[in-house]
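Asks: Okay, sequence plus prediction incoming.
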Amino acid sequence: MTALPPAARTAQLNAAAAATFLVFGINGLVFASWAARIPAVADLLHVTSGQLGTLLLCLALGSLIALPTAGLVVGRIGTANTVRAAGLLAAAAGVAVALALLAGSVPGTAIALFVFGIGIGLWDVSQNIEGADVEHRLGRTIMPQFHAAFSGGAFLGALIGAGLSNLGVGLPAHLLVIAAVVAVLTMLAPRYFLPHLPAAAPLAGDGKETRGGAAWTDGRTLLIGAVVLGATLTEGAGNDWIAKAAVDGLGASQSAGALLFAAFVLAMTAMRFFGGRAIDAYGRVAVLRASMAAAAAGLGLFVLAGNIWLATAGAALWGLGAALAFPVGMSAAADDPRRAAARVSVVSTIGYVAFLAGPPLIGYLGDVTGIRPALLVIGVPILGALLLAGAAKPLRAG
C-alpha cells in the first residue's frame, strides 16, 4: 500500500473500511436471524430449555473447532477469501437447518448447527483481523463502529424475526432467504478488503510470536482475553436467552420477546457507534469499568423486573454495558502491529469460547432454576472483567 499515491491509498482504506463494516453487519444479521427466533426452534422440535442448550452447544463446538485455526487460514488465503469461504459454509448450513426443522429432526438440526458454527467461527476471526488492520492503518478508533455494524445487523435481524413471527412466517422459510442473502454478499463485499500480503519474516527475537504460537503465552494478551471472555459471555447470554426468558418468565408472546431482544441489540448498536468518542475522551480502562458496571445493573434489573417495561429497560442497560468490551479488546490486542494478527486471533478465540459455549450451559441451569434466574450466574464473569480491565491500557510507543 505504501507504493500507492496518497489519494489512492486513502480511497483504498475507505473502501476497505466500508466493506468491513458491511461484512460485520451481515454477520450480525445472520446471528440475529437465528437468535431472535430460538423460541420457535423449541416449538418446532418440542425440546426443553436444556435440550435447546444442547443444540446451542453443537453450534458452539463447531466454532470452537474453527476458531483456533482461523488465524492460520487467514495467513494462507487472506481475510477476503476466508470471509467468502466462511459465508458460503454458513449459508449452506442455514439451508440445512431449515430443512432439518421442516423434518422435525433434532439430530439433523444439531449437525447443521455444528457446521454453521464452523462457518461463523472462521468469519468472526477473519473480520476482526481485517478490522484491526484497517483501524491501525487509518490511525483512529473505528473498531467499535465495526461492531456497531454487527449490532445494527442483529437489530435488523431481530426486527425481521419479530415481524415474520407476528405474520406467522415459519423459521425455515426465514432461514432460506437469509442464506441466499449471505451467499451473495459475502462473495462480493470482500473484494474491497486490503490486499493480502504473504506472512512477513519473523523479527529478531519475535520467533514464534509472529506466527501465532507465543501469543498464547503472552501475559497481557491472555488478560485481555479474560476481560473479553467476561464481556462476551454477557453479550452471548443476552443474544441467546433474552427472548426466551421474556416468553417463559414474563409470559410475553414470541413477537414481544423478539422486540425485547431488539431493544438489547439497539442499545448495543448505539453505544458501539458513539463509544469511540468516550474511549478517546476517558481511555479504554475507565470505559471498560463503567461498561461492566452498567451490564451488571442491567442484568439485575432484567432478572428481577416484574413487568415487560422494566425488563425492557434492564435489557437496554444490559446492552449498553455489553457493547464496547469486545471491540476494545480487539484494539488492545492489536496495539503492536507486528504481532496484531496472532494476538487478535487469540483474543477472538477466547472471547468466542464464552460467546458460544456459555449460553448453552445457562440453558442447562435454566432447566433447574428457570432461565431468568439462571442468567444471574454471569454476574461473576462481569465482576472479573471489571477487575481485570486495566490490562487493556494502551502500550507505550516503542
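Replies: Yep, that arrived.
Asks: Got the confidence number for A7?
Replies: At A7, the model reports a pLDDT of 81.
Asks: oh sorry, the question was meant for L229
Replies: 90.
Asks: Now do the buried residues in the helix or strand containing it.
Replies: Assigned by DSSP states H and E, L229 belongs to helix 219-250. Under the neighbour-count criterion of 16 or more other C-beta atoms under 10 Å, helix 219-250 has 220-250 buried. C-beta coordinates here come from the backbone N, C-alpha and C atoms, glycine included.
Asks: starting at the chain centroid, how far to that helix?
Replies: Centroid separation for helix 219-250 versus its chain: 10 Å, with C-alpha atoms, centre = their mean, to the nearest Å.
Asks: Next: stretch 144-155.
Replies: For stretch 144-155, the gap between its own C-alpha mean and the chain's C-alpha mean amounts to 9 Å (C-alpha atoms, centre = their mean).
Asks: List of residues touching that stretch?
Replies: 20-22, 24-32, 35, 127, 131, 239, 262, 265-266, 268-273, 275-276, 279, 323-324, 326-328 (C-beta atoms under 8 Å, 6 or more residues apart in numbering).
Asks: Quick check: A18 vs L299, distance?
Replies: Look at A18 and L299: by C-beta to C-beta, to the nearest Å, they are 34 Å apart.
Asks: neighbour-wise, which of those two wins?
Replies: Remark: of A18 and L299, L299 carries more neighbours, 24 against 13, as counted by other C-beta atoms under 10 Å.
Asks: Is that one within a helix or a strand, and which one?
Replies: Counting by DSSP H and E, the element that carries L299 is helix 284-304.
Asks: That helix versus helix 219-250: what angle between them?
Replies: 20 degrees (axes from the mean of the first three to the mean of the last three C-alpha atoms, to 10 degrees).
Asks: Touching the helix or strand just after helix 284-304 from outside, list them.
Replies: Downstream of helix 284-304, the next assigned helix or strand under DSSP H and E is helix 308-322. Residues outside helix 308-322 that contact it (C-beta under 8 Å, 6+ apart) are 231, 234-235, 238, 242, 246, 250, 252, 256, 260-261, 263-268, 270-271, 291-305.
Asks: chain center to stretch 52-66, what's the gap?
Replies: Using C-alpha atoms, centre = their mean, the offset of stretch 52-66 from its chain centre is 14 Å.
Asks: do the same with stretch 369-388
Replies: Offset of stretch 369-388 from its chain centre (C-alpha atoms, centre = their mean): 18 Å.
Asks: before we move on, the earlier item: any idea of the angle the helix holding L229 forms with helix 308-322?
Replies: Using the same axes, to 10 degrees: helix 219-250 against helix 308-322 is 170 degrees.
Asks: Give the residue spans of the protein that score low on pLDDT.
Replies: Along the chain, segments meeting pLDDT under 70 span 1-3, 197-213, 355-357, 396-398.
Asks: for it, what's the longest helix?
Replies: Secondary structure of the chain per DSSP state H: the longest helix is helix 49-103.
Asks: And the next helix or strand past it?
Replies: Scanning forward in sequence from helix 49-103 by DSSP H and E, the next helix or strand is helix 106-138.
Asks: Show me which residues of the helix or strand following that following helix are buried.
Replies: As assigned by DSSP H and E, the chain's next helix or strand after helix 106-138 is helix 143-167. For helix 143-167, the neighbour count (16+ other C-beta under 10 Å) marks 143-162, 164-165 as buried.
Asks: and A110, how many neighbours?
Replies: 19.
Asks: Check the one 4 residues further on too.
Replies: Neighbourhood size, F114 [other C-beta under 10 Å]: 20.
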